[in-house]
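**Student:** Compute the structure for the input listed below.
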Amino acid sequence: MRISTIATMAAALTAVAGTAPAQDTPAFEPTPIVARGVLQSLEFTPMTSSERLRHYLTGTFGPGSFATAVAHAGLDQLRESPTEWGQDGGAFAQRLGNAYAKHAIRGTLEYGASSALHQDDRYFASGETGFWRRTKYAIASVFLARRDDGQRTFATARIGSAAGTAFISRAWQPASTSGAGNAASSFGFTIASDLGTNVIREFWPDLKRRFHRN
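**Tutor:** Have a look, this model is predicted:
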């Protein structure tokens, strides 16, 4: 259990580090603080079709996506999961291909579903104060997305793509990880990784400012 927790946190840290250059894009731009109750709904601007496509391509095939795949492959190598793939260089290559394929499938499923449902799955900073309030917002944001009017709704595209990828990827898994229970476990790990990533995204600007001061 401890290994899984550490693995999730490490994957989230690497995912954010890998996408750090994108901090200047709307996907990670802190939302200006406005009165509570109208936070973000006044400032939110839905993506155009070209912006949505660019966001998908960058997030799914950009340098950050490869860094995330390397992190997940390295963690699976440490855990020797799946066991049939062994521990040598060829095993790491298999795990890297597995991680990147799952990342690409999820990104593609999420792009298609979010486009059809007009959902925006980008993370927007809360603009709140207080550690627990901001943490709760970051966690809730895994399960909520923005509609075109800025209101929040259940993140069908994000959650559905995570579930779809978990089951689709069973097609090339060896016997020890090919069952429905393993798919459910993979889905849970993905959601936990999203939770950690959102918390880091929420507090990353504060940490960056503190590092610069030091």
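
**Student:** hang on, Glu128 is in a strand, isn't it?
**Tutor:** No: applying DSSP: H, G, I helix; E, B strand; the rest coil, one finds Glu128 to be coil, outside a strand.

**Student:** Can you report how many residues neighbour it?
**Tutor:** 18 (other CB atoms under 10 Å). (C-beta placed from N, C-alpha, C; glycine too.)

**Student:** Distance check, it against Tyr137.
**Tutor:** Relative to Tyr137, Glu128 is positioned 6 Å away (CB to CB, to the nearest Å).

**Student:** Next, the buried residues of the lengthiest helix in the chain.
**Tutor:** Determined from DSSP state H, the single longest helix within the chain is helix 180-213. Neighbour-count burial for helix 180-213 flags 182-183, 186-187, 189-204 (criterion: 16 or more other CB atoms under 10 Å).

**Student:** could you say what helices and strands it packs with?
**Tutor:** On a contact count with 3 or more CB pairs under 8 Å, 6 or more residues apart in numbering; DSSP states H and E, helix 180-213 meets helix 2-18, helix 131-143, helix 156-168.

**Student:** mean confidence for it?
**Tutor:** If you average the pLDDT over helix 180-213, you get 92.

**Student:** for stretch 157-170, same thing?
**Tutor:** So the average pLDDT for stretch 157-170 ends up being 98.

**Student:** Can you point out the buried residues in it?
**Tutor:** So for stretch 157-170, counting by 16+ other CB under 10 Å, buried means 157-166, 169.
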